[in-house]
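Trainee: model the structure of this input:
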Amino acid sequence: MKSGKKYVKVPCGGCTLCCQGDAVRLLDEDDAGSYLTEPHPYITGALMLAHKPNGDCIYLTEYGCSIHDNEPALCGAADCRALAFKYNFEIALKLHEAGNIDLRVWDKGNELIKKMQRK
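Mentor: As a prediction, the model looks like this:
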C-alpha cells in the first residue's frame with residue numbers, strides 16, 4: 001500500500017536514466033511479494049528491485065517502466081532535479097567517481113531545472 005503522499009510530477013519526458021543501475025530499495029509500505037527482488041548491496045536485510053545482467057531494473061523495457069502504475073514508493077519519489085539542487089558539479093563528479101550517483105542523472109536534473117527557469 002502506498003503512503004498516500006503526493007509526489008511532484010517530474011517532467012521526465014520518457015527518460016529512464018534512474019532505472020539504469022540504481023538500487024531501488026523497497027520500503028515497508030511496498031508489498032515486496034509483488035516484485036522481483038534481490039538483497040540490497042549496502043543495507044543489510046533490505047530488498048531492492050532486481051536487475052538485469054546489464055544493471056538495468058528488471059522492469060525496464062524498451063517502452064519504459066512495465067510496472068509504472070504499481071511502482072515502489074521510491075520510484076514514485078525519484079526526482080533527478082533533487083540531485084542537481086543538492087550537489088554542485090564538483091561534488092556530483094566525486095560522488096559519481098565513488099559509485100554513489102550516476103552523473104547522467106545529475107545532468108538530466110540540471111537540464112530540467114534550466115528548462116523550468118526559462119519558463
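
Trainee: return the helix or strand in the chain with minimum mean pLDDT.
Mentor: Within the chain, no helix or strand scores below helix 73-77, which has a mean of 87 by mean pLDDT, DSSP states H and E.

Trainee: give me the pLDDT value at Ala92.
Mentor: Per-residue pLDDT puts Ala92 at 95.

Trainee: in stretch 47-60, which residues are buried?
Mentor: Leu47, Met48, Leu49, His51, Cys57, Ile58, Tyr59, Leu60 (16 or more other CB atoms under 10 Å). (C-beta placed from N, C-alpha, C; glycine too.)

Trainee: I'd like the mean pLDDT over that stretch, please.
Mentor: In the prediction, stretch 47-60 has an average pLDDT of 95.

Trainee: and that stretch, C-alpha only, in CSV?
Mentor: Extracted in CSV, the C-alpha atoms of stretch 47-60 (Å, rounded to 0.1, in the frame of the first residue of the first chain):
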residue,chain,number,x,y,z
LEU,A,47,15.5,-5.7,-0.5
MET,A,48,15.6,-3.8,-3.8
LEU,A,49,14.2,-4.3,-7.2
ALA,A,50,16.1,-7.0,-9.1
HIS,A,51,18.3,-6.1,-12.0
LYS,A,52,19.1,-7.4,-15.5
PRO,A,53,22.7,-8.5,-16.1
ASN,A,54,23.4,-5.1,-17.6
GLY,A,55,22.4,-3.3,-14.4
ASP,A,56,19.0,-2.0,-15.6
CYS,A,57,15.9,-2.5,-13.5
ILE,A,58,14.3,-5.8,-14.2
TYR,A,59,11.1,-3.9,-15.0
LEU,A,60,12.7,-1.5,-17.6
